[in-house]
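> have a look; sequence and predicted model below, questions after that.
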Amino acid sequence: MDLKAIKYVSEIVRCGSMTKAAEELYLSQSALSQYIGKLEESLDTRIFERTGGRLRLTRAGEVFVREGASIMSTYDTMCEHIRIATKEAVDGCVFEPFLYEEIMVAVPKDSPANGFSFDAGTDDGFKSIRLSDLSGYPFIMMKKTQTFSSLGYNYCAAAGFTPIVACELMSWDAINKMIGHGLGAGFVPRELALAEKGGDSPEYYHFESPLYHKRPFAIAKKEDSCLTEPVIHVMETVKEIAGSEDFVFLRQ
């Protein structure tokens, strides 16, 4: 089994049918059906069952999608870190990540979903929420052309559901404003939540397990050069301002 299997099963769940998923994956329906059959044979269990002409996940299928989404999220994060570490910029510069910022869940202030929040004992004034409790609510997502577009979809898949997408936008700020207007829930960086907290802004929550919900920040430098002390000082200052003790900090 490989990542393709996770992608194919997730697409079938998202589309709700083998035929639509095959179209999205640029495969024939028979080829996709045969692939899923071989996958089920290798796992010695059924992933899908047909009920009233519709495909539904079995208990094993639910585990496959949930655990698969976690694997894909880890894979996407790894690829993003590799991309940042190896990306060439002007004059032979490379980007190196030096800290990671938490991604938070944002919910409209008047949404009944706020009733799912709970106090996890954090000292920053934000409560926590289980993303699975928001499975029936619309979401404002990042456009798929944007770098971090896969984050939100992977978070929802890991929580066991496919999001009901109200719309897709190009920036964190636009997503935050639409959530504030009550159009749906979504995901925003922690620093934006800190800056916008209060007033007519959304309610912001930590994930139940926030450790794995991060986005990287990177610094550009000459490929073969070392960081100077002033640059290191700036990086440490940025980390201090960010205010998170569990940020990963790389120093060379």
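Noted; the coordinates are in hand.
> can I get the strand of greatest length in the chain in PDB? Just the C-alpha atoms.
The longest strand of the chain (DSSP state E) is strand 93-107. The C-alpha trace of strand 93-107 is given here as PDB (Å, rounded to 0.1, in the frame of the first residue of the first chain):
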ATOM      1  CA  CYS A  93      19.600  31.800  -1.600                       C
ATOM      2  CA  VAL A  94      17.800  28.900   0.200                       C
ATOM      3  CA  PHE A  95      15.000  29.000   2.800                       C
ATOM      4  CA  GLU A  96      15.500  27.300   6.200                       C
ATOM      5  CA  PRO A  97      12.600  26.900   8.700                       C
ATOM      6  CA  PHE A  98      13.400  28.200  12.200                       C
ATOM      7  CA  LEU A  99      10.000  28.200  14.000                       C
ATOM      8  CA  TYR A 100       6.500  26.800  13.600                       C
ATOM      9  CA  GLU A 101       3.300  28.700  14.400                       C
ATOM     10  CA  GLU A 102       0.200  27.000  15.700                       C
ATOM     11  CA  ILE A 103      -2.900  26.900  13.500                       C
ATOM     12  CA  MET A 104      -6.200  27.500  15.300                       C
ATOM     13  CA  VAL A 105      -9.900  26.800  14.700                       C
ATOM     14  CA  ALA A 106     -12.100  29.900  14.200                       C
ATOM     15  CA  VAL A 107     -15.900  29.800  14.700                       C
END
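> could you say what helices and strands it packs with?
helix 59-86, helix 172-180, strand 185-189, helix 190-196, strand 203-207, strand 214-222, helix 229-242 (3 or more Cβ pairs under 8 Å, 6 or more residues apart in numbering; DSSP states H and E). From N, CA and C alone the C-beta is placed, and that goes for glycine too.
> and the ones you listed as JSON lines, adding mean pLDDT and mean neighbour count?
Below are these laid out as JSON lines (pLDDT from 0 to 100; neighbours: other Cβ atoms under 10 Å):
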{"stretch": "helix 59-86", "mean pLDDT": "77", "mean neighbour count": "16"}
{"stretch": "helix 172-180", "mean pLDDT": "93", "mean neighbour count": "20"}
{"stretch": "strand 185-189", "mean pLDDT": "94", "mean neighbour count": "23"}
{"stretch": "helix 190-196", "mean pLDDT": "86", "mean neighbour count": "18"}
{"stretch": "strand 203-207", "mean pLDDT": "93", "mean neighbour count": "23"}
{"stretch": "strand 214-222", "mean pLDDT": "73", "mean neighbour count": "17"}
{"stretch": "helix 229-242", "mean pLDDT": "74", "mean neighbour count": "13"}
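> right, and those - which one's nearest Glu40?
helix 59-86 (8.9 Å; Cβ to Cβ).
> elements contacting the closest one?
Packing partners of helix 59-86 (3+ Cβ pairs under 8 Å, 6+ apart): helix 3-15, strand 93-107, helix 149-158, strand 214-222.
> hang on, the earlier thing: tell me which of the helices and strands packed on strand 93-107 lies nearest to Pro97.
Of all these, strand 214-222 comes closest under Cβ to Cβ, at 4.1 Å.
> counting by contacts, list what that closest one packs against.
Applying 3+ Cβ pairs under 8 Å, 6+ apart, one finds that strand 214-222 makes contact with helix 59-86, strand 93-107, helix 229-242.
> run a quick neighbour tally on Arg46.
Other residues lying near Arg46 total 15 when counted by other Cβ atoms under 10 Å.
> wait, what's in contact with it?
Glu40, Thr58, Ala60, Gly61 (Cβ atoms under 8 Å, 6 or more residues apart in numbering).
> and with 6 Å instead?
Glu40, Thr58 (Cβ atoms under 6 Å, 6 or more residues apart in numbering).
> redo the helices and strands packed on strand 214-222 as JSON lines? Include distance to Phe161.
Shown next, in JSON lines, are those (distance: least, Cβ to Cβ, whole Å):
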{"stretch": "helix 59-86", "distance to Phe161": "9"}
{"stretch": "strand 93-107", "distance to Phe161": "14"}
{"stretch": "helix 229-242", "distance to Phe161": "31"}
